[in-house]
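> need a 3D model of the sequence below.
(2 chains)
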Amino acid sequence: MSRFMLCIHVLGLLLRRPQMLAVGTPAPDFTVTAHDGSTVRLADFRGKTVVLWFYPKANTGD
Amino acid sequence: MQILGASFDTVADNNAFAASAGLPFPLLCDTDHVLGRAYGAGRAGFASRITYIIDEHGSITHTFARVKPSTHAQEVLACVQ
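Here you go, the predicted structure:
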């Protein structure tokens, strides 16, 4: 691989952003520990609208 | 409606966040990035600032890829009300 191609490849890896799920797809189920130590399963909220909000860091006002 | 916050922070960090900000909903501590990978929010470092709205049947109905913290609550509420 030429040096140029290697640079392009590395740049692509650095810029690659995770792909979000599309509207209309089933939300993957999960089981995760919450801040209070309880276990939260997405399936437990079937029948309710769920807002799943990702934020980068606790206590940053975001 | 149920709000779920999610980040890669530990239980201790998110517990402090919930207490200081007075958040009345669960903050999910995705320290293994399982949720991050499944939802395209990242696989290391910090989670992306993204939001999903999931309907009562478990289907994704809205996605927010570029979240502005100052106006995001109103934006989301407009979709679920």
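> and the longest helix seen in chain B, does that touch chain A?
In chain B, assigned by DSSP state H, the helix with the most residues is helix B:11-21. Yes. Judged by Cβ under 8 Å from any Cβ of the partner chain, helix B:11-21 and chain A are in contact via B:11, B:13, B:14, B:15, B:16, B:17, B:18, B:20, B:21. C-beta coordinates here come from the backbone N, C-alpha and C atoms, glycine included.
> and the gap between the nearest residue to the fourth one once chain neighbours are set aside and residue A:5?
Translated: residue B:15. Using Cβ to Cβ, 6 or more residues apart in numbering or on different chains and skipping the chain neighbours, the partner closest in space to residue B:15 is residue A:35 (4.5 Å). Shown here: residue A:35 relative to residue A:5, a distance of 46 Å by Cβ to Cβ, to the nearest Å.
> likewise residue B:29?
40 Å.
> where along chain B do the helices fall?
B:11-21, B:34-38, B:72-80.
> over to chain A?
With DSSP H as the criterion, chain A has helices spanning A:3-15.
> remind me which residues of it are low pLDDT?
Residue ranges of chain A with pLDDT under 70: A:1, A:10-18, A:61-62.
> try it again at 90.
A:1-19, A:58-62 (pLDDT under 90).
> now chain B
For chain B (pLDDT under 90), the answer is B:43-44, B:66-81.
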